[in-house]
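Asks: sequence first, predicted model second:
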Amino acid sequence: MTIKQGEPWGRSVERPEDLVVVDGDPALATRLDAIRGGRPGPPVFGRRGDLARTFGDPSVDERPTLNEFPVDLLDVTLDGEAVVACAHVVIRAPWWRGSWWRGTVVIVMNAEYIGEWDVAPRGHPNDGRVEVFEVGAGFGLRQRLAARRRLRTGTHVPHPGIGTRSIRSSTWTFRRPMAVAVDGRRTRRATRVEVVVAADAAVLHA
């Protein structure tokens, strides 16, 4: 079951002999999707990615015990094409239309971080929801620069120009194709992006 406020999360287990160590969020999402819903497969330890950083980016070397956590995954559909994410989805204009600096930006967070940015300090990767941050076209360049500086410390919200909400699923439709990055990896551009949270989808060791 997904975590509830005040409840303990995860448990300490002996280090599995068949543990697979996975680097980076795209590879981690693929591995976790393979064991989704208890499908057979080796247990997974994630490192060097934004979901791993949410867990403190622990070291796996020589540890006789590890922590085992249930985590959510994100089922992402880009104009009908399905992709799985474990950390985040970023939707923005292509570079020739302004990239981060002009137009709409949508950030969907299952992890807390995007690189050095502390985007979702109140989010949780096992609450059955994702945190969404939306910037409209009217958000000016000076405001975007200020928000970018504050992302390192997680103090970019609350801000009247940044919409925030917590969702289980949502769909965004755009007049022109938007650039979409799933777990930091660029994908195809899309005019329709759907994100659905798959709660308690898999188990991650950290």
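Replies: That came in fine, so what should we check first? These numbers come from a predicted model, not from an experiment. Residues are numbered from 1 along each chain as shown.

Asks: ok, residue 43 to residue 151 distance?
Replies: Between residue 43 and residue 151 the distance is 33 Å, computed by CB to CB, to the nearest Å. In this view, the C-beta of every residue, glycine as well, is placed from N, C-alpha and C.

Asks: buried sites along the strand ranked longest in the chain?
Replies: Secondary structure assigned by DSSP state E gives strand 190-205 as the longest strand of the chain. Within strand 190-205, the residues scored as buried using 16 or more other CB atoms under 10 Å are 190, 193-205.

Asks: which strands and helices sit next to that strand?
Replies: Where contact means 3 or more CB pairs under 8 Å, 6 or more residues apart in numbering; DSSP states H and E, strand 190-205 is packed against helix 25-34, strand 44-47, strand 65-78, strand 88-92, strand 169-182.

Asks: and the fourth one, which strands flank it?
Replies: It stands for strand 88-92. Paired strands of strand 88-92, with direction, are strand 105-109 (antiparallel), strand 169-182 (antiparallel) (DSSP bridges).

Asks: and that strand with strand 190-205, angle?
Replies: Between strand 88-92 and strand 190-205, the angle comes out at 160 degrees (axes from the mean of the first three to the mean of the last three CA atoms, to 10 degrees).

Asks: who's in contact with strand 88-92?
Replies: Applying CB atoms under 8 Å, 6 or more residues apart in numbering, the external contacts of strand 88-92 come out as 25, 50, 74, 76, 99-100, 103-111, 114, 119, 172, 174, 178-184, 193, 195.

Asks: neighbours of residue 89, how many?
Replies: Residue 89 has 25 neighbours, counted by other CB atoms under 10 Å.

Asks: which of the helices and strands in the chain ranks last by mean pLDDT?
Replies: Ranked by mean pLDDT, DSSP states H and E, the helix or strand of the chain with the weakest confidence is helix 141-150, at a mean of 80.

Asks: grab the CA positions of it and hand them over as PDB.
Replies: Only the C-alpha atoms of helix 141-150 are listed here, as PDB (Å, rounded to 0.1, in the frame of the first residue of the first chain):
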ATOM      1  CA  LEU A 141      12.300  36.100 -18.200                       C
ATOM      2  CA  ARG A 142      13.300  37.900 -15.100                       C
ATOM      3  CA  GLN A 143      10.900  35.800 -13.000                       C
ATOM      4  CA  ARG A 144      12.200  32.600 -14.700                       C
ATOM      5  CA  LEU A 145      15.800  33.500 -13.900                       C
ATOM      6  CA  ALA A 146      14.900  34.200 -10.200                       C
ATOM      7  CA  ALA A 147      13.000  30.900 -10.000                       C
ATOM      8  CA  ARG A 148      15.900  29.000 -11.500                       C
ATOM      9  CA  ARG A 149      18.300  30.400  -8.900                       C
ATOM     10  CA  ARG A 150      15.900  29.400  -6.100                       C
END
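
Asks: now do it against strand 105-109, angle only.
Replies: Using the same axes, to 10 degrees, the inter-axis angle of helix 141-150 relative to strand 105-109 is 20 degrees.
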